[in-house]
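A.B. asks: sharing a model that was predicted from the sequence below.
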Amino acid sequence: MKKKNYPLKTFLLVLLAIIIGTCQSQITTFPHSSDFESGLGDWSNVLGDDFNWSTGSGSSTPSTGTGPQSAPYGANGTNGYAYIESSSPNYPNMEAWLELDVDFKLLNSPELIFNYQMYAANGSNYGPGTLQLDVWDGSSWTMDVWSNNTSNIAWQTDTVDLSAFAGMPVTLSWTGYTIWWQCDISLDEITVQDKPNAPLTVDTYPYNQGFDSELNASTACCSDVTLTSPGWSNGTGDDCDWKPRDVNTPSLNTGPTADQSGGGSYLYMEASGCYSKTAYLISPKFDFTQETSPWIEFYYHMYGSAVSRMTLEWSIDQAQWFPAWSLTGDQGNSWKLGFADLQILAGVEVWFRITGTTGVNYISDMGFDGFGGFGGGQPMPVDLISFAGGLDPSESIVILTWTIASQINNDYFEIQRSTDVEEWQTISVVEGEGNSNIQMTYNSLDYDPVKGVSYYRLKQTDYDGKTETFNPIVITVEEPKPHILDKIMNTMGQEVNSSYRGLVIELYKDGTSAKKYYIK
């Protein structure tokens with residue numbers, strides 16, 4: 001139904017992006033919600049139409065007898081909404097486009113849930129016009145995926161099935177068409193998501209799920225929780241659920257205070273009144289059929305005197321589960337990085353299950369966050385920020401310092417020294433922290449350095465014996481300067497000779513000095 005020249009519009013958009021260096025951002029995390037409380041958000045007015053969408057709140061649109069008619073004027077009891085103002089010069093037969101770029105590559109059954117309001121008090125000769133949704137898949141338009149031209153004074157809700165566009169990036173394009181001045185069309189509370197419980201297969205890597213869009217759930221013991229993160233669900237056959245939360249858990253001296261990234265939600269087990277309970281968290285299906293060295297990483301928080309156990313398992317049929325990682329007991333009040341090498345799963349499809357078990361009292365909340373899947377390669381055992389060295393004030397001891405952002409499977413570090421960058425000698429060994437995402441600084445001292453130029457390097461060893469060696473640094477230890485006497489001064493500042501008797505200050509040619517007492 002769009003009457004404008006879309007090839008021209010596409011050309012203009014590309015040209016505009018080149019000129020100003022910007023383009024509409026693409027949404028990749030779902031569910032994605034827009035409430036229009038403070039502007040259009042990720043939705044954009046685009047080139048090629050006749051006029052723009054606006055946002056409003058409070059009283060209805062400027063035209064009488066059209067637009068939202070009662071407070072609160074937004075949908076679902078909210079204030080803000082997006083709308084088109086059809087008063088002159090925006091009629092007749094004018095249109096306004098509102099668009100959102102989304103990438104459905106990880107969604108099997110995407111859908112659009114939205115609220116709309118279209119009202120014309122004076123009848124069909126004046127409005128309400130037409131609201132229409134079209135979808136661009138990168139090469140062609142699917143027109144009139146949804147449309148409405150019926151007047152209704154109330155806000156209405158509808159859902160559009162977008163499963164035909166699963167697995168691809170698309171542009172969702174709303175068009176508001178006007179026929180006369182009572183065609184003020186409004187949109188509000190728009191959610192783009194995968195259908196609840198829709199199956200999901202992950203086959204593009206790296207994959208990451210941070211659970212940041214999950215809404216806080218009830219803290220009541222063992223209450224049922226439905227997750228919205230695509231493909232993730234609480235399992236069956238257990239007696240508790242993993243719950244989303246974006247602040248500290250309710251219990252003191254246990255659980256996280258925020259998510260791992262610092263800006264979203266995490267999943268946790270609430271132990272209060274739920275002692276010795278088990279919860280299963282089921283992942284989407286991961287397709288490793290084209291991968292050679294799959295592995296995963298995730299963040300866990302196990303803090304509290306009664307913390308019990310967390311386990312990561314895998315299955316190819318969701319019937320028989322095999323352990324990949326497990327940890328028991330209090331691990332301290334911080335998020336830590338877990339890792340599992342899954343080369344055994346190369347060439348198969350697999351699900352993962354995170355099993356949590358609460359302890360014997362309430363001080364056993366535990367958290368899970370930041371699940372990452374990788375199809376190949378190996379994770380860096382340590383994320384090295386810096387490695388540096390220098391001399392102490394006496395210039396006789398070498399001080400070596402290194403800082404790492406995170407470490408996986410880290411057993412120990414070695415400091416090695418060489419004078420020719422060919423033969424290396426290990427001069428110290430420093431224990432690693434295993435798995436941690438906490439930035440840490442280490443140091444080591446060489447009390448017996450080689451005089452002249454030396455090279456120092458850092459070598460890291462995993463629990464499984466794999467090693468990683470970092471580039472060396474250069475440190476020069478000067479030979480001692482000759483200690484040649486230059487002058488002798490008495491306490492009055494007068495120069496004397498060695499026959500002087502009493503307190504003197506010896507001044508040397510290397511710039512040093514010493515107090516001495518000359519006696520017969």
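C.D. replies: Received the coordinates, thanks.

A.B. asks: state the distance from the closest residue in space to Gly65 that isn't next to it in sequence to Asp246.
C.D. replies: In space, and not counting its chain neighbours, Gly65 is closest to Ala121: 3.1 Å by CB to CB, 6 or more residues apart in numbering. C-beta: built from backbone N, CA, C; applies to glycine. Relative to Asp246, Ala121 is positioned 43 Å away (CB to CB, to the nearest Å).

A.B. asks: do Asp49 as well
C.D. replies: Separation of Asp49 from Asp246 (CB to CB) stands at 38 Å.

A.B. asks: out of these two, which sits in the busier spot?
C.D. replies: In this view Asp49 and Asp246 are compared by other CB atoms under 10 Å, and Asp49 has more residues nearby, 20 against 15.

A.B. asks: can you give me the buried ones in the helix or strand where Ser406 lies?
C.D. replies: Here Ser406 sits within strand 398-418, counting by DSSP states H and E. Within strand 398-418, the residues that qualify as buried by neighbour count (16 or more other CB atoms under 10 Å) are 398, 400, 402, 404, 406-411, 413-417.

A.B. asks: can you map out the strands along the stretch 401-520 of the chain?
C.D. replies: All strands of the stretch 401-520 of the chain, identified by DSSP state E, counting those that start in this stretch, fall at 425-436, 440-446, 452-462, 467-469, 473-477, 485-490, 495-496, 502-508, 513-518.

A.B. asks: so where's the chain shaky on pLDDT?
C.D. replies: Within the chain, the stretches falling below the threshold (pLDDT under 70) are 1-24, 197-198, 377-380, 437, 481, 520.

A.B. asks: repeat that for 50
C.D. replies: Per-residue confidence for the chain (pLDDT under 50) gives these ranges: 1, 5, 9-11, 13-23.

A.B. asks: what about Ala279, how many residues close to it?
C.D. replies: Around Ala279 there are 26 residues (other CB under 10 Å).

A.B. asks: any idea how far Phe286 is from it?
C.D. replies: Taking CB to CB as the measure, Ala279 falls 21 Å from Phe286.

A.B. asks: and the residue nearest to Trp402 when sequence neighbours are not counted, what does it touch?
C.D. replies: Beyond its immediate neighbours in the sequence, the residue positioned closest to Trp402 (CB to CB, 6+ apart) is Phe387, lying 4.3 Å away. Taking CB atoms under 8 Å, 6 or more residues apart in numbering, we find Phe387 in contact with Leu400, Thr401, Trp402, Leu458, Phe470, Ile473.

A.B. asks: name the SS class of Phe387, please.
C.D. replies: Recorded secondary structure, Phe387: strand (DSSP: H, G, I helix; E, B strand; the rest coil).

A.B. asks: how about stretch 68-83: buried residues?
C.D. replies: Residues of stretch 68-83 classed as buried under the neighbour-count rule (16+ other CB under 10 Å) are Pro68, Gln69, Tyr73, Gly74, Ala75, Thr78, Gly80, Tyr81, Ala82, Tyr83.

A.B. asks: how about the residues you listed in TSV, adding distance to Lys105?
C.D. replies: Supplementary listing: the buried residues of stretch 68-83 in TSV, determined by distance: CB to CB, whole Å:
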residue	distance to Lys105
Pro68	36
Gln69	41
Tyr73	37
Gly74	32
Ala75	29
Thr78	31
Gly80	30
Tyr81	30
Ala82	27
Tyr83	32
